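Asker: Take this sequence and fold it.
(chains A and B)
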Amino acid sequence: MVITAVSTVETVREKFPDAVVETVEFRNEQTIVLKPEHLVKVCTHLKGKLQYDMLETVTAVDWLERVPRFDVVYQLLSLPHRCFVRVKVRVGLRGEEHPALPSVTGLWPGANWYEREVYDLFGIVFTDHPQLVRILMPTDWTTHPLRKDYPLSGFDLPEPHWGGQIPYDTDPGVGGTYQQTLRTSEGRELNESRSQVNPQQEPGTSKRG
Amino acid sequence: MARQEIKSAPEQGRTYTIEENELLDDGQRSDTMTINMGPQHPSTHGVLRLILTIEGETVLKAVPDIGFLHTGIEKTAEAKSYHQALVLTDRMDYLAPLSNNLAYSLAVERLLGIDDEINDKIKYVRVILVELQRIASHLVWLGTSALDLGAMSMFLYCFREREMILDVFELISGVRMMTSYICPGGLQAELPPGFDAKVREFTQIFPERLQEYHDLLTNNQLFLERTKGICVLSREDAIAYGATGAVLRGSGEPWDIRKVYPYSGYEQFAFDIPVGSNGDVYDRYLVRMLEMEQSLRIINQALDGLPTGSYRVQNTKIVPPPKWQITGSMEALIHHFKLFTEGYRPPKGEVFVRTESPKGELAFYIVSDGSAKPYRMHVRGACFANLQVLPRMVEGTFLSDVIAGIGSIDIVLGEVDR
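Answerer: The predicted structure follows:
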């Protein structure tokens, strides 16, 4: 039996009529949009019966205004049949901070790092993932950079008082432990006086000398 | 009691299989040790950190820790126009910037729907350049991985030949590494005079140099002992973990995107895919060595058949009009202005375009919302997937073989972390 991307789409439509939201063809690439609850079932069929034995990548797209907010995209490749399809699920209800999806690491162990990356950069949680921790960002990072509401170049912080330093009670996105010891050129610590600092005061002219 | 439960598998040389539950949370094991390798270790080929649990010399568990070179290229690209995002791709796999350029350009061209406007001249030049780039990248791999195993002179020889390729890149683009020469819609500039001679000079010298490398390493007993039967990866594991490139082919799967989904005119050239059988370090070494020969074959064919033609498409909505037109034609001036203030707007849609980069399958997933900036650009780098499979290779081998294993994957952390 020859399996092509088009025949795969038809098979999935026939076998799982409830699972398919829509199928899209653009530039000869087939996309199957699935309901999240049917993802693992359909993927098991794709891997087992249709020999999609390689998972090329898992990624996500953030459509900030849309509900559901995120597309999670799986690129599947069949080495024996030389064809590929894209499987997509839409997750993220309004106001849902961490949408959840079942993991496909049981089918393709290679999904492990890709799902960690999607969790890290988009904040989408994969249930029953063996080790869902951040992979690219530092482990104490608290936000998800590839979301569309994440600023491109730093956070919008209040006007700094001392020569461009970040106020030390403001969380720049790396958790509450962010603390800097600021010293003058003579080595005097500035930290304790920074809470009562007068923004009009010139740097280095503290009355305590 | 749990100490000697590591089962040897003599048919796979010096590798062992380990039960998963023996490795974790065993507080009783007294002589295991957890050590850090990297991120400043010279043989991790970049800022890769490996957390190794070892017992004596045997590696029980290896956990790669990545992200030290994360520069947010995917995020930055969302704020750039399609033409500006091109320069970001140079910085990913910095040993093969032209391959990245090509993959990105093909993706944008597919998105724009101008694939068939690309003429043969552009395709041939692109093929010549990415094959030169493949050789250059493989030379760095060969030099550094042989250096890790103690063959110091290889490093010097390989960089000597790589220098010739970088000279070609400097000739065409003025830049040795971050060329951005291949761009959506064609090439940045016309080929300079002397390009053909410069490339031929290299292709004539290189076969004997390649023979020198073979003489130095292929039958070298010291090299064989460090590579044969080391870090074996089965074909099934390679596929399951999404490993591509020489790692997959070394394990016996003849999978090369240039043959399977030919792009940029690869179907017009005759070349073979070297395939290994054992999936060990030596097979991956041989696959890459033979690939360089095949690249040379492709370059020679492309140079002999290099057609004449324009170096970019004629569609002035996508590439700027020539300078002489701008001074004389209002329309050309408007096109030029629109291109550089705003850029072009591909239709809504998404494409996933894969190419065979020196490291393996490099694919770009670009989503367009109809604006002049990519709504989302995801890079499926080969190194990311290939590095993920490293624990499967090295667990159960000796500590010194980890170094051979990392070298044989040929990672570039710029592409892993992006």
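Asker: Point out where chain A drops to low pLDDT.
Answerer: By pLDDT under 70, the low-scoring segments of chain A are A:153-209.
Asker: Get me the contact residues on it for chain B.
Answerer: Listed as neighbours of chain B in chain A under the rule CB under 8 Å from any CB of the partner chain: A:26-27, A:29, A:31, A:53-57, A:59, A:61-62, A:73, A:75, A:79, A:82, A:84, A:86, A:108-110, A:112-113, A:121, A:134-138, A:145-146, A:150, A:152. Bear in mind the C-beta positions are built from the backbone N, C-alpha and C, glycine included.
Asker: Put the buried members of these into a ChimeraX selection.
Answerer: Selecting only the buried entries of the residues of chain A next to chain B in ChimeraX, with 16 or more other CB atoms under 10 Å in any protein chain shown as the criterion:
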select /A:26,29,31,53,54,55,56,57,59,61,62,73,75,79,84,86,108,109,110,112,113,121,134,135,136,137,145,146,150
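Asker: which non-adjacent residue is nearest residue 57?
Answerer: If you meant another chain, say so; for now it's chain A. In space, and not counting its chain neighbours, residue A:57 is closest to residue B:380: 4.1 Å by CB to CB, 6 or more residues apart in numbering or on different chains.
Asker: switch to chain B, that's the one I care about
Answerer: With sequence-adjacent residues excluded and distances taken as CB to CB, 6+ apart, residue B:57 is closest to residue B:398, at 4.8 Å.
Asker: what do you get for residue B:370?
Answerer: Residue B:370 sits nearest to residue B:348 (CB to CB, 6+ apart), 4.6 Å away.
Asker: Using the record's assignment, carve chain B into domains.
Answerer: Domain assignment for chain B, taken from automatic domain parsing, gives B:2-65, B:80-313+B:345-380+B:388-417.
Asker: Take these and lay them out in CSV including mean pLDDT and mean neighbour count.
Answerer: Formatted as CSV, those follow (pLDDT from 0 to 100; neighbours: other CB atoms under 10 Å in any protein chain shown):
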stretch, mean pLDDT, mean neighbour count
domain B:2-65, 65, 15
domain B:80-313+B:345-380+B:388-417, 91, 21
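Asker: Contact partners for residue B:332?
Answerer: Contact analysis of residue B:332 by CB atoms under 8 Å, 6 or more residues apart in numbering or on different chains lists B:316, B:321, B:322, B:325, B:326.
Asker: Which members of the residues you listed occur in helices, if any?
Answerer: The members of the contacts of residue B:332 that map onto helices under DSSP state H are B:325, B:326.
Asker: Write the PyMOL selection for whichever of the contacts of residue B:332 are buried.
Answerer: The buried residues among these can be selected in PyMOL (16+ other CB under 10 Å) with this line:
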select buried, chain B and resi 316+321+326
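Asker: of the contacts of residue B:332, closest to chain A?
Answerer: For the contacts of residue B:332, the minimum distance to chain A (CB to the nearest CB) is 22.6 Å, reached by residue B:316.
Asker: quick revisit: from what I see, the residue nearest to residue B:370 and residue B:369 are in contact.
Answerer: Yes. Look at residue B:348 against residue B:369 with CB atoms under 8 Å: they come within range, at 6.0 Å.
Asker: Next up, phi/psi of the residue nearest in space to the middle of chain A, please.
Answerer: Centroid-nearest residue in chain A, with CA atoms, centre = their mean: residue A:122, separated by 1.9 Å. According to degrees, to the nearest 10, the main-chain angles of residue A:122 amount to phi -120, psi -20.
Asker: if I look at it, how far off is residue A:85?
Answerer: Going from residue A:122 to residue A:85 by CB to CB, to the nearest Å gives 22 Å.
Asker: And for residue A:38?
Answerer: Using CB to CB, residue A:38 is found at 15 Å from residue A:85.
Asker: Which one of the two is surrounded by more residues?
Answerer: Per other CB atoms under 10 Å in any protein chain shown, whichever of residue A:38 and residue A:85 has more neighbours is residue A:85, with 24 against 17.
Asker: Regarding the more buried one, what is its secondary structure?
Answerer: Under DSSP: H, G, I helix; E, B strand; the rest coil, residue A:85 falls in the strand class.
Asker: just checking, it touches residue A:10?
Answerer: No. Between residue A:85 and residue A:10 there is no contact under CB under 8 Å: 11.3 Å.
Asker: for the chain, what spans make up the strands?
Answerer: Let's take chain A. Per DSSP state E, chain A carries strands over the ranges A:20-26, A:29-34, A:54-62, A:70-78, A:83-91, A:100-102, A:125-127.
Asker: Let me rephrase: I mean chain B.
Answerer: Here chain B has its strands, by DSSP E, at B:7-8, B:16-17, B:32-37, B:49-55, B:58-65, B:182-183, B:186-187, B:349-357, B:360-368, B:376-380.
Asker: Would you tell me which of the ones you listed gets closest to residue B:75?
Answerer: strand B:376-380 (9.2 Å; CB to CB).
Asker: CA atoms only for the closest one, dumped as PDB, please.
Answerer: Coordinates of each C-alpha in strand B:376-380 appear next as PDB, following Å, rounded to 0.1, in the frame of the first residue of the first chain:
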ATOM      1  CA  ARG B 376       6.700  32.800  13.700                       C
ATOM      2  CA  MET B 377      10.000  31.300  12.500                       C
ATOM      3  CA  HIS B 378      10.900  28.000  14.000                       C
ATOM      4  CA  VAL B 379      14.200  26.400  13.100                       C
ATOM      5  CA  ARG B 380      14.400  22.600  13.200                       C
END
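Asker: hmm, who's touching that strand?
Answerer: The contact list for strand B:376-380 (CB under 8 Å, 6+ apart) reads A:56-57, A:59, A:61-62, A:73, A:75, B:73-74, B:77-78, B:85, B:89, B:92, B:352, B:354, B:361-367, B:415, B:418.
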